[in-house]
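Trainee: coordinates for the following, if possible.
(one chain, ligands or ions: 1)
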Amino acid sequence: MPVFQPGWVWLAGAGPGDPGLITLQVLHGLQRADVIFYDALVGEGVLDFAPAATRRIFVGKRGGVASPRQPEINRQLIEAARSGARVLRLKGGDPFVFGRGAEEASGLFEAGVPFRVLPGVTSGIGGLAYAGIPVTHRDHNHAVTFITAHDQSGDIARALDWPALARGAPVLVIYMGFRLLGPIAERLLAAGRPADEPVAVVSKATTAEQRTLVTTLGACVAETEAAGIESPVLIVVGPVVRARPLLNWFEALTPPQAALKSA
Ligand code: SAH
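Mentor: Predicted structure coming up:
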């Protein structure tokens with residue numbers, strides 16, 4: 001294992017939720033850190049791997065209250081590292097997948113603070129595996145496209161060429177798309193994706209509360225609303241969703257086993 005030196009920041013991915021999905025390096029970081037800065041999407045139970053005395057500082061969004069601004073988080077990380085602490089910065093999934101990890105790492109670089117990046121299992125791959133949806137399948141797709149539905153303004157990402165995605169991306173895995181499902185489906189349909197194309201909406205993936213709704217591009221907005229799905233949510237558009245009936249191992253577990261899986 002790498003040595004966690006005082007004055008360093010480890011920028012780590014906590015995986016999609018199930019604490020069993022953290023890497024050995026992240027476990028090592030949790031056990032050795034002096035202070036942990038963590039986000040809302042860090043799975044329940046992950047922090048339990050840290051000794052009780054380790055300082056834990058929440059820097060995510062909670063109950064609709066905005067998270068501290070990025071420069072403020074950067075400032076806190078830099079200050080903690082300069083005080084000689086071993087700083088673990090823990091994010092949901094993988095820190096470099098729609099997680100602002102690169103912004104934090106470049107802030108550390110500019111401040112001269114040494115850092116290491118500990119990749120994590122991203123929800124768009126690991127979370128879907130728990131929903132019985134493979135991101136690739138030889139019979140269905142030779143490419144997979146990871147998308148963040150909104151841009152910095154919070155609106156649908158206008159920089160994306162939706163008609164090109166509709167034509168060229170056989171499978172779309174959409175992060176942060178829950179609120180924007182309507183405009184997303186509208187754009188894909190307008191660009192020629194069939195209304196009966198399968199869509200999966202995967203909620204709270206890898207946790208004991210995981211739920212998956214399988215629907216279609218034409219019906220997904222109404223059905224998602226009716227189902228009372230809760231965030232965080234991943235949206236998958238494409239033929240790989242059809243593999244789920246055979247591969248849905250996690251939600252098929254009896255509740256005690258499912259709970260045990262993510263305990
Ligand atoms: N860095 C993270 C993504 C952060 S963006 C990663 O690699 O997974 C936040 C988005 O991730 C959420 O809006 C949702 O789309 C997705 N997400 C993260 N964890 C999830 C989970 N357990 N279940 C469903 N979606 C999840």
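
Trainee: could you verify that residue 199 is part of a helix?
Mentor: No. Read with DSSP: H, G, I helix; E, B strand; the rest coil, residue 199 is strand and lies in no helix.

Trainee: now do the contacts for the residue of the chain found nearest the ligand.
Mentor: In the chain, the residue that lies nearest the ligand is residue 93 (1.9 Å; Cβ to the nearest ligand atom). Heads up, the C-betas are built off the backbone N, CA and C, glycines and all. Contact analysis of residue 93 by Cβ atoms under 8 Å, 6 or more residues apart in numbering lists 13-16, 41, 99, 120-124, 126-127.

Trainee: what subset of these is buried?
Mentor: If you count burial by 16 or more other Cβ atoms under 10 Å, the buried members of the contacts of residue 93 come out as 13-16, 41, 99, 120-124, 126-127.

Trainee: lowest-confidence entry in those residues?
Mentor: Lowest pLDDT among those: residue 99, with 91.

Trainee: which one is residue 151 nearest to, not counting chain neighbours?
Mentor: Distance criterion Cβ to Cβ, 6 or more residues apart in numbering; nearest residue to residue 151, sequence neighbours excluded, is residue 157 at 4.4 Å.

Trainee: that neighbour - how many residues pack around it?
Mentor: Using other Cβ atoms under 10 Å, residue 157 is surrounded by 17 other residues.

Trainee: just checking, it touches residue 165?
Mentor: No. The pair residue 157 and residue 165 does not pass the contact test of Cβ atoms under 8 Å, sitting 10.2 Å apart.

Trainee: which residues do those two both contact?
Mentor: Listed as contacting both residue 157 and residue 165 by Cβ under 8 Å, 6+ apart are residue 147.

Trainee: contact residues of the stretch 51-200 of the chain facing the ligand?
Mentor: For the stretch 51-200 of the chain, the residues in contact with the ligand (Cβ under 6 Å from any ligand atom) are 91-94, 97-99, 122-123, 127, 175-176.
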